[in-house]
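> below are the sequence and a predicted model for it; my questions follow.
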Amino acid sequence: MKHRKRIIAGNWKMNKTASESQTLAGEIKRELAECSDVEVVLCPPFTSLAIVADVVGGTSIKFGAQNMHWEASGAYTGEISAYMLRSLYCHFVILGHSERRSYFGETDEIVNKKAKAALAATLTPIVCVGETIEERQAEKHMQVVRTQVQGSLAGIAPADLKKLVIAYEPVWAIGTGLTASPEQAQEMHAFIRSVLKEMSNEDVAQSVRIQYGGSMKPSNAAELLAKPDIDGGLIGGASLEAKSFVELVRIAQQK
Ligand code: PGA
């Protein structure tokens, strides 16, 4: 099997002022500045990107945004482009998070435009997919995730597909304290890899890192990360405190 470097990303959502972000990033940096076996990514709100860049600059910790617009510039009041993010040395951008899909009407088509624009600007998209509880109960979860993966990544060349990260986040597990069982998550991650293979080839399917997200915390991370197709975590609640986030990275460092 291909070696995929684990990736633990903190999605701070709409939390932390610039000075709170400076403190949190500083605490994380003290513990993880030298961490090179796991990719560590902080995704603060836009208003904290510059200060986080300042704090983690020169370390192995990377950072990213939580959203962007697909156009490079123009009359889009309130929006931020991929080039603006790159100009702050962002490496990553979370796209199609379920909160954006459900509260802000983001469709697979929009996520697809954003993913292409991010890749063109050399940003690494973390493309989020995941089913609702109703969809799982109706046993439609595989079909739903297949449609999201195919739609969000349509028309992206294999060489670019290899660069991106996918986050499988069952909507019913986000911020709820409920977690997919390691078996449920593994089943979906392996399925996503099979969809990637259909869309491109085995090499791409084995190269793309697939994170799990949804109430991942130190108490359940080891079991999830032990599964062969789970390559890391996209962490919400547990990323807002240095202690739990650092602990998650330490767990990911164990083989
Ligand atoms: P959670 O959020 O860890 O708080 O469930 C994960 C996410 O929404 O990315």
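That came through fine.
> please count neighbours and contacts with C-alpha atoms only from this point.
Will do.
> up against the ligand, what does the protein have?
For the chain, the contact set with the ligand under C-alpha under 6 Å from any ligand atom comprises 11, 173-175, 213-216, 234-237.
> I'd like those laid out as TSV, including neighbour count.
Below are the residues of the chain next to the ligand laid out as TSV (neighbours: other C-alpha atoms under 10 Å):
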residue	neighbour count
Asn11	24
Ala173	19
Ile174	20
Gly175	16
Gly213	29
Gly214	25
Ser215	25
Met216	27
Leu234	28
Ile235	26
Gly236	21
Gly237	21
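> pLDDT check: weakest of the residues you listed?
Among those, Gly175 carries the weakest pLDDT, at 89.
> contacting residues for that residue?
By C-alpha atoms under 8 Å, 6 or more residues apart in numbering, the contact set of Gly175 is 214-215, 236-237.
> sorry, back to before: filter the residues of the chain next to the ligand down to just the ones in strands.
Among those, the residues falling in strands (DSSP state E) are 11, 213, 234-235.
> ok, of those residues, which one's closest to Phe104?
Nearest to Phe104 out of these is Asn11 (C-alpha to C-alpha; 17.4 Å).
> residue of the stretch 1-150 of the chain closest to the ligand, please.
Nearest residue of the stretch 1-150 of the chain to the ligand (C-alpha to the nearest ligand atom) works out as Asn11 at 5.6 Å.
> beyond the longest helix along the chain, next helix or strand please.
Using DSSP state H to define each element, the chain has its longest helix at helix 182-199. As assigned by DSSP states H and E, the chain's next helix or strand after helix 182-199 is helix 202-207.
> list the buried ones in that next one?
204-207 (16 or more other C-alpha atoms under 10 Å).
> same question for it, mean pLDDT?
For helix 202-207, the mean pLDDT works out to 97.
> stretch 85-104 now?
The average pLDDT within stretch 85-104 is 97.
> cool, and stretch 127-143?
On average, the pLDDT along stretch 127-143 is 97.
> other residues contacting that stretch?
For stretch 127-143, contacts defined as C-alpha under 8 Å, 6+ apart pick out 94-98, 111, 115, 144-145, 148-149, 152, 164-172, 188, 191.
> closest to Lys255 out of the ones in strands among the residues of the chain next to the ligand?
Closest approach to Lys255 among these (C-alpha to C-alpha): Leu234, at 18.6 Å.
> and Val55, helix, strand or coil?
Three-state call for Val55 (DSSP: H, G, I helix; E, B strand; the rest coil): helix.
> next, count neighbours for it.
Counted with other C-alpha atoms under 10 Å, residues neighbouring Val55 total 20.
> so what's it up against?
With contacts defined as C-alpha under 8 Å, 6+ apart, Val55 is in contact with 22, 25-26, 29.
> mind running it again at 7 Å?
Taking C-alpha atoms under 7 Å, 6 or more residues apart in numbering, we find Val55 in contact with 22, 25-26.
> same question, Lys217
Residues in contact with Lys217 (C-alpha under 7 Å, 6+ apart) are 238, 248.
> per-residue pLDDT, it?
pLDDT at Lys217 comes out at 96.
> still on that earlier bit, adding distance to Glu39, write the residues of the chain next to the ligand out as JSON lines.
What follows is the residues of the chain next to the ligand, written out as JSON lines (distance: C-alpha to C-alpha, whole Å):
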{"residue": "Asn11", "distance to Glu39": "14"}
{"residue": "Ala173", "distance to Glu39": "23"}
{"residue": "Ile174", "distance to Glu39": "22"}
{"residue": "Gly175", "distance to Glu39": "23"}
{"residue": "Gly213", "distance to Glu39": "16"}
{"residue": "Gly214", "distance to Glu39": "19"}
{"residue": "Ser215", "distance to Glu39": "20"}
{"residue": "Met216", "distance to Glu39": "17"}
{"residue": "Leu234", "distance to Glu39": "12"}
{"residue": "Ile235", "distance to Glu39": "13"}
{"residue": "Gly236", "distance to Glu39": "17"}
{"residue": "Gly237", "distance to Glu39": "19"}
